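**Q** mind folding the following:
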Amino acid sequence: MTSCKYHKVIDGLQSVIDDTQLTIDRFEATGMDEQMPEDYQKLLDILDDAVTQQRAHVMAMLAE
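**A** Numbers count the residues shown, from 1 in each chain. The predicted model follows:
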């Protein structure tokens with residue numbers, strides 16, 4: 001994968017991270033994290049997965 005492609009993937013994942021974090025913040029601010037714990041956990045899982053994937057792509061890019 002080229003450096004340009006890595007950057008596109010990393011930037012795309014950052015968008016997912018940012019959007020998910022905003023949604024998590026809204027969930028917490030409105031008490032939805034307690035009213036909908038399964039959905040809240042899904043958001044946390046999405047955030048964790050995106051951060052993990054982003055880190056993997058950064059490490060792969062740096063290794064090249």
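**Q** what separation do you get for residue 55 and residue 36?
**A** Noted for residue 55: a distance of 28 Å to residue 36, by Cβ to Cβ, to the nearest Å. To be clear about C-beta, it is placed using only N, CA and C from the backbone, and glycine gets the same treatment.
**Q** could you do residue 15 as well?
**A** 24 Å.
**Q** kindly report the same for residue 56.
**A** Counting by Cβ to Cβ - residue 56 and residue 36 are separated by 30 Å.
**Q** and residue 21, by the same measure?
**A** For residue 21, the distance to residue 36 equals 17 Å [Cβ to Cβ].
**Q** dump the residue contacts of residue 54.
**A** By Cβ atoms under 8 Å, 6 or more residues apart in numbering, residue 54 lies in contact with 10, 13, 14, 17.
**Q** go again using 10 Å as the cut-off
**A** 9, 10, 11, 12, 13, 14, 16, 17 (Cβ atoms under 10 Å, 6 or more residues apart in numbering).
**Q** pLDDT and secondary structure added to those residues, as a markdown table?
**A** Below are these laid out as a markdown table (pLDDT from 0 to 100; DSSP: H, G, I helix; E, B strand; the rest coil):
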| residue | pLDDT | secondary structure |
| --- | --- | --- |
| 9 | 97 | helix |
| 10 | 98 | helix |
| 11 | 98 | helix |
| 12 | 98 | helix |
| 13 | 98 | helix |
| 14 | 98 | helix |
| 16 | 98 | helix |
| 17 | 98 | helix |
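**Q** just the buried residues out of these, in PyMOL syntax.
**A** This is how PyMOL selects the buried members of those, with burial counted by 16 or more other Cβ atoms under 10 Å:
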select buried, resi 9+10+13+16+17
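**Q** more neighbours, residue 15 and residue 36?
**A** A side-by-side neighbour count of residue 15 and residue 36, using other Cβ atoms under 10 Å, places residue 36 first with 13 against 10.
**Q** and that one, how far from residue 20?
**A** Taken as Cβ to Cβ, the span from residue 36 to residue 20 is 15 Å.
**Q** then residue 56?
**A** In terms of Cβ to Cβ, residue 56 sits 17 Å off from residue 20.
**Q** of these two, which one has the most company?
**A** Counting neighbours by other Cβ under 10 Å for residue 56 and for residue 20 shows that residue 20 has the greater number, 20 against 13.
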